[in-house]
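[1] Quick one: sequence and predicted model below, then my questions.
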Amino acid sequence: MIEVPYYTKDGEAADPLKFDETVFGAKVRKRLLREAVLMYEANRRVGTACTKTRSDVSGTGKKPFRQKGTGRARQGTRRAPHHRGGGVAWGPKPRDFSYAIPARARREALKSAILSKFLDGQAKVIEAISADEPKTSKAAGILRKIKISGTCLIGLKAYDQNVVKSFRNIRRIALDEVRNFNAYQVLKNETLLLTREALDALSEQAKAPG
């Protein structure tokens, strides 16, 4: 059991929440996390880099000079890569960098990412986050009370339009439903802030077979 910082819905500090972190695994699987991060980073690549080969470069296809008798090295075209203005040899072309690791590996990586946040003291739990109307100033005030200054991922159990609109204009703050979490998303943010309902939902999700 570990103690996690716990706050009321107004951002006031309360008694620490005791939580059994082993629901997210016995240890942080660093090698699996690395594989997952590499996959998510690869899937973010657009792969639009494109260079012109000798067949794409504009220019004549005429032989620069005759094959023999000039004392110079034989040349077939001015568009060859070793000529100024010629094509690029083995340059990049548009391609798809995305690939996937098994679904079970992705789930285990997410559990390890969440576990690492709890063990490193980078996770916090708030009683609830609600809003009768979109109000960024109120959302920013709650974050100040909780002392969140860097990047933060806020986890909700269910989508709430007023809450999303309240937080979306605050720099370095990301907000999502916990069912959409992935390992990369959790790791790239300094702090993980979960509502009590979101924490329970994550725990049930981690315990679910398969």
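    Nice, thanks for sending it over.

[2] next one: stretch 38-46 to chain centre, how far?
    Distance of stretch 38-46 from the chain centroid (Cα atoms, centre = their mean, to the nearest Å) equals 9 Å.

[3] Stretch 116-123 too?
    That offset, for stretch 116-123, works out to 18 Å (Cα atoms, centre = their mean).

[4] quick one: buried residues of that stretch?
    116-118, 122-123 (16 or more other Cβ atoms under 10 Å). No exception for glycine: its C-beta is placed from N, CA and C like everyone else's.

[5] Let's see which of those end up in strands.
    Those of these mapping onto strands are Ala123, per DSSP state E.

[6] Now distance to Tyr159 and pLDDT too, for the buried residues of stretch 116-123, in JSON lines please.
    JSON lines is the format used below for the buried residues of stretch 116-123 (distance: Cβ to Cβ, whole Å; pLDDT from 0 to 100):
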{"residue": "Ser116", "distance to Tyr159": "26", "pLDDT": "94"}
{"residue": "Lys117", "distance to Tyr159": "22", "pLDDT": "94"}
{"residue": "Phe118", "distance to Tyr159": "24", "pLDDT": "93"}
{"residue": "Gln122", "distance to Tyr159": "24", "pLDDT": "93"}
{"residue": "Ala123", "distance to Tyr159": "21", "pLDDT": "93"}
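
[7] residues in contact with the helix or strand encompassing Leu38?
    Using DSSP states H and E, Leu38 sits in helix 30-44. With contact meaning Cβ atoms under 8 Å, 6 or more residues apart in numbering, helix 30-44 is reached by 97-101, 105-106, 108-110, 112-113, 116, 182-184, 187.

[8] Mind splitting the chain into its structural domains?
    2-45+100-207, 46-96 (automatic domain parsing).

[9] Of those, flag the one that's most buried.
    When these are scored by mean count of other Cβ atoms under 10 Å, the highest mean neighbour count falls to domain 2-45+100-207 (a mean of 16).

[10] ok now do Ser166, which residues does it touch?
    131, 134-136, 138-139.

[11] ranges for the strands of this structure?
    Using DSSP E, strands in the chain cover 2-4, 6-7, 17-19, 123-126, 152-156, 173-177, 191-195.

[12] export the longest helix belonging to the chain as PDB, just CAs?
    The residue-count maximum for a helix in the chain (DSSP state H) belongs to helix 103-119. Below are the C-alpha coordinates for helix 103-119, written out as PDB (Å, rounded to 0.1, in the frame of the first residue of the first chain):
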ATOM      1  CA  ALA A 103      -2.800  -5.700 -27.700                       C
ATOM      2  CA  ARG A 104      -1.800  -7.500 -24.500                       C
ATOM      3  CA  ALA A 105       1.600  -5.800 -24.600                       C
ATOM      4  CA  ARG A 106       0.000  -2.400 -25.000                       C
ATOM      5  CA  ARG A 107      -2.300  -3.100 -21.900                       C
ATOM      6  CA  GLU A 108       0.700  -4.200 -19.800                       C
ATOM      7  CA  ALA A 109       2.700  -1.200 -20.900                       C
ATOM      8  CA  LEU A 110      -0.100   1.100 -19.800                       C
ATOM      9  CA  LYS A 111      -0.300  -0.600 -16.400                       C
ATOM     10  CA  SER A 112       3.500  -0.200 -16.000                       C
ATOM     11  CA  ALA A 113       3.300   3.500 -17.000                       C
ATOM     12  CA  ILE A 114       0.600   4.200 -14.400                       C
ATOM     13  CA  LEU A 115       2.500   2.200 -11.800                       C
ATOM     14  CA  SER A 116       5.700   4.200 -12.400                       C
ATOM     15  CA  LYS A 117       3.700   7.500 -11.800                       C
ATOM     16  CA  PHE A 118       2.500   6.200  -8.400                       C
ATOM     17  CA  LEU A 119       5.900   4.900  -7.400                       C
END
